[in-house]
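Novice: Return a 3D structure for these sequence lines:
(2 chains)
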Amino acid sequence: GAGVSQSPRYKVAKRGQDVALRCDPISGHVSLFWYQQALGQGPEFLTYFQNEAQLDKSGLPSDRFFAERPEGSVSTLKIQRTQQEDSAVYLCASSFWLDSSNQPQHFGDGTRLSIL
Amino acid sequence: AQSVTQLGSHVSVSEGALVLLRCNYSSSVPPYLFWYVQYPNQGLQLLLKYTTGATLVKGINGFEAEFKKSETSFHLTKPSAHMSDAAEYFCAAENSGGSNYKLTFGKGTLLTVNP
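Specialist: Sure thing, here's the model as predicted:
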């Protein structure tokens, strides 16, 4: 596709349920990033991949959060035993390379997650 | 750790007036700097970026920003606001040393444009 695609666009789950959020990056993009955007705040970094390798997961808030990109293309962010504080918009971004100096990160429209 | 500060969570201007959105970064080594715009229920769209070279950078939709190392600032301006400019604007920084590629964002500035 032409841009970064995220699905679902909206997800409502009950507290304690597991959720999985999908990101399809721009074709050929090596790098993939996940960010969490709480209401009224700027996005905050969660993790990033170069191809299938997860190079930095320092932003994941707890061990309930897990991300994978097994074939170096589509990525899934999984949240286990969801809590209300997990409610946020989850943004995925991809870029041709890691360094944004020449190729900036391109963002998807996000998945809005609401935990009841 | 890098931090980005956007002064003013909400800026209101009249159509045709100057837009000025402020951004300051914290690192001693100048990072790569970006301005993104976010419309409701959409992702982030890149307006412009500064990496090296000319300190005045021009972006899309008539926006420009000036990197000032002495002030650790990267303020966004547009000479004449249009109704379609109403959106949330985020300043972001990426360390330029090549060891950390994540973007650090400010908290955002909501721009409203009054007719």
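
Novice: Tell me which residues touch residue B:38, please.
Specialist: Residue B:38 makes contacts with B:44, B:45, B:87, B:88, B:89, B:90, B:108, as judged by C-beta atoms under 8 Å, 6 or more residues apart in numbering or on different chains. For the C-beta atoms, the positions are set from N, CA and C on the backbone; glycine is no exception.

Novice: Point me to the residue sitting farthest from the middle of chain A.
Specialist: residue A:102 (22.2 Å; C-alpha atoms, centre = their mean).

Novice: Confirm residue A:85 sits in a helix?
Specialist: Yes: applying DSSP: H, G, I helix; E, B strand; the rest coil, one finds residue A:85 inside a helix.

Novice: Please, where are all the strands along chain B?
Specialist: Using DSSP state E, the strands assigned to chain B run over residues B:4-5, B:10-14, B:19-21, B:24-25, B:32-38, B:44-50, B:56-58, B:64-68, B:73-78, B:87-94, B:104-105, B:109-114.

Novice: possible to save these as TSV with mean pLDDT?
Specialist: Listed next are the strands of chain B as TSV, based on pLDDT from 0 to 100:
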stretch	mean pLDDT
strand B:4-5	96
strand B:10-14	97
strand B:19-21	98
strand B:24-25	96
strand B:32-38	95
strand B:44-50	94
strand B:56-58	96
strand B:64-68	96
strand B:73-78	98
strand B:87-94	95
strand B:104-105	94
strand B:109-114	97
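
Novice: Show me the one of those strands that comes nearest residue A:30.
Specialist: Residue A:30 lies closest to strand B:87-94 among the strands of chain B, at 15.9 Å (C-beta to C-beta).

Novice: how about the closest one, does it reach chain A?
Specialist: Yes: using C-beta under 8 Å from any C-beta of the partner chain, we find that strand B:87-94 touches chain A at B:90, B:92, B:94.

Novice: residue contacts, the nearest residue to the last one once chain neighbours are set aside?
Specialist: Of all residues beyond its chain neighbours, the one nearest residue B:94 is residue B:32 (4.4 Å), with distances taken as C-beta to C-beta, 6 or more residues apart in numbering or on different chains. Shown here is residue B:32, whose contacts under the criterion C-beta under 8 Å, 6+ apart are A:100, A:101, B:49, B:50, B:51, B:93, B:94, B:95, B:96.

Novice: from the residues you listed, which single one is nearest residue B:75?
Specialist: residue B:50 (11.4 Å).

Novice: First residue to last residue on stretch B:95-103, what's the distance there?
Specialist: Taking C-alpha to C-alpha, to the nearest Å, the first and last residues of stretch B:95-103 lie 8 Å apart.

Novice: ignore the last one, stretch A:93-112
Specialist: End to end - C-alpha to C-alpha - stretch A:93-112 spans 15 Å.

Novice: close to chain B, is that stretch?
Specialist: Yes: against chain B, stretch A:93-112 shows contacts by C-beta under 8 Å from any C-beta at A:93, A:98-102, A:104-110, A:112.

Novice: any chance of the residues you listed in TSV, plus distance to residue B:8, pLDDT and secondary structure?
Specialist: Below are the residues of stretch A:93-112 next to chain B laid out as TSV (distance: C-beta to C-beta, whole Å; pLDDT from 0 to 100; DSSP: H, G, I helix; E, B strand; the rest coil):
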residue	distance to residue B:8	pLDDT	secondary structure
A:93	25	96	strand
A:98	32	71	coil
A:99	30	73	coil
A:100	25	70	coil
A:101	28	70	coil
A:102	31	72	coil
A:104	24	87	coil
A:105	25	91	coil
A:106	27	93	strand
A:107	23	94	strand
A:108	28	95	coil
A:109	26	94	coil
A:110	24	95	coil
A:112	26	96	strand
